[in-house]
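S.K.: any chance you could fold what I've pasted below:
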Amino acid sequence: MKRFLHLLIFISICSFGQNQNSTSLKLTETDSLYLTSIKKYIVLVESNYNKVVNEKQPKTIFVEDEDYLYRIPDSVNGYRIQKFSLGDSKLFKKNNKELRYVKIFPLEIDKGKFKIPFVHFFAKLKKRNHLVITNINSSYVFFEFKNGHLIYDRTEK
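M.R.: I've put the predicted structure just below:
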C-alpha cells in the first residue's frame, strides 16, 4: 500500500508538474493573428531601426506577458520573444535597470477593420524598485474580414 501511494504521488508530480513549451502548443486562428502581427511588427522594427541607428539590431523583443499570448512561440523570424512581468526586477537589473518593451493589446475593431495595437514603452527602474514607464509610440497591425477569415491588410506606425 505504501509503495502504491508513493507511485501515485510520483505519477501526479510528473504529470502535472511539467512546464509546457509554448512552441509545442497548437495555435488557434486568434493565436495565428497574434503571430502574424508579431511577424509584421518585426518587419516594421527592422526597417525603422536601420533608418535611425547604425548599430546591430538587438535580436530580443521584450513583450509584456498577457494570458492571450501564451501560445506565441519563444522565437519568431530569428528574434527571441521574451515575455515578462513588470514586477520582474531581476530582468531590469540584468539590463542596466532599463528596458524597451512592447505591450500587445487584444484584437479590437476600429471603423470596420480589425487591429492589434502594439504600444512601445521605455521603463527605468529607479531606487527602491520604483519603476518609471514612458510611452514611446504605437504601431497597429490591421486585418480585413474576407471569405470568413481575417487576412493581413497593413501595418501603421
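
S.K.: where exactly do the helices run in the protein?
M.R.: Ranges of helices within the chain are 2-16, 29-52, 89-94, based on DSSP state H.

S.K.: give me the neighbour count for Lys115.
M.R.: As a burial measure, Lys115 scores 21 neighbours (other CB atoms under 10 Å). Bear in mind the C-beta positions are built from the backbone N, C-alpha and C, glycine included.

S.K.: is it correct that it is in contact with Phe142?
M.R.: Yes: assessed by CB atoms under 8 Å, Lys115 is found in contact with Phe142 at 4.9 Å.

S.K.: most centrally placed residue in the chain?
M.R.: Central residue of the chain (CA atoms, centre = their mean): Val63, 3.9 Å from the mean position.

S.K.: ok, it touching Arg100?
M.R.: No: counting by CB under 8 Å, Arg100 is not a contact partner of Val63; they are 11.2 Å apart.

S.K.: ok, which stretches of this structure are strands?
M.R.: 60-64, 75-76, 79-84, 98-104, 108-110, 113-125, 131-146, 149-156 (DSSP state E).

S.K.: helices and strands around the fifth one, which ones?
M.R.: For strand 108-110, the helices and strands in contact under the criterion 3 or more CB pairs under 8 Å, 6 or more residues apart in numbering; DSSP states H and E are strand 113-125.

S.K.: remind me what the strand it packs on packs against, helices and strands.
M.R.: Strand 113-125 packs on helix 29-52, helix 89-94, strand 98-104, strand 108-110, strand 131-146, going by 3+ CB pairs under 8 Å, 6+ apart.

S.K.: the inter-axis angle of it versus strand 98-104?
M.R.: 160 degrees (axes from the mean of the first three to the mean of the last three CA atoms, to 10 degrees).
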